[in-house]
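> Got a predicted structure plus its sequence, pasted below:
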Amino acid sequence: MYVPKKGKMAWEFWTNPSPEAAVDFFELDIGAREALETLRRQVDTLCVVSRNPEDVLFALFDRFGIRNYFDAIMLNGDKGDHILEFLAKNGLSRRNALMVGDLPRLDLYPARRAGVEAILVDRFYNQGVDAERIKGIRELPTWLKIADLAEEAGSSRSYVSSLDDFQTAAELGNERLARPGHTKSLIATSS
């Protein structure tokens, strides 16, 4: 959801992290706020699972004005375990959960081990990993609509479409492809 400001590398921040340094170092990723607003309308539950220190994460969320978009914020520990605990506590199914993150070792693999679908936000440091991908969090609402349509079509006939095709259909008013549908119950994003 947030990225280092232009010309900076994330490892630079982690040499001396603090809430004050975080708000100067990071910026909200392109389209993140709009995506969160759309997701709030599309999904039942929106959560963050993060390994960042609470004070750093909350400083960033408060700076960007996005803390209230989330139903739960789970910190530290195995992200897959956190997701399973949250699902069990709230009577939700793993089948309806989705983990979105950019770090395979901390996001993708723990979610997969927990039996939760996971996709990667495409970054230069995760290029060699075999996974479903989105270019940025801004694409997540559309990705979810496509996933729902594919699930729905699986019981009848299927068709292949790209994210660009779907966005074009939505812009042209193709109701069959562009209609809002039921989406995943939980979106767990990494920060």
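Thanks, I have it.

> Residues touching the host helix or strand of P110, excluding its own?
Here P110 is covered by helix 109-113, with elements defined by DSSP states H and E. Here helix 109-113 makes contact (CB atoms under 8 Å, 6 or more residues apart in numbering) with 78-81, 83, 99, 101, 117-118, 188. In short, each C-beta sits where N, CA and C put it, glycine included.

> from these, which ones fall inside strands?
Applying DSSP state E to those, the entries found in strands are 99, 101, 117-118, 188.

> Which one (most neighbours) among these?
A188 (29 neighbours; other CB atoms under 10 Å).

> pLDDT weak spots in this structure?
Within the chain, the segments meeting pLDDT under 70 span 154-191.

> show me where it has strands.
Under the criterion DSSP E, the chain contains strands at 2-4, 26-28, 45-50, 72-75, 97-101, 117-121, 133-134, 186-189.

> Remind me what the longest helix anywhere in the chain packs against, helices and strands.
Secondary structure of the chain per DSSP state H: the longest helix is helix 140-153. Contacting helix 140-153 under the criterion 3 or more CB pairs under 8 Å, 6 or more residues apart in numbering; DSSP states H and E are the following elements: helix 32-42, helix 163-172.

> show me the residues around the nearest residue to D81 once chain neighbours are set aside that make contact.
Spatial nearest neighbour of D81, chain neighbours left out: A114 (7.0 Å); criterion: CB to CB, 6 or more residues apart in numbering. The contact partners of A114, by CB under 8 Å, 6+ apart, come to 80-81, 83-84, 94.
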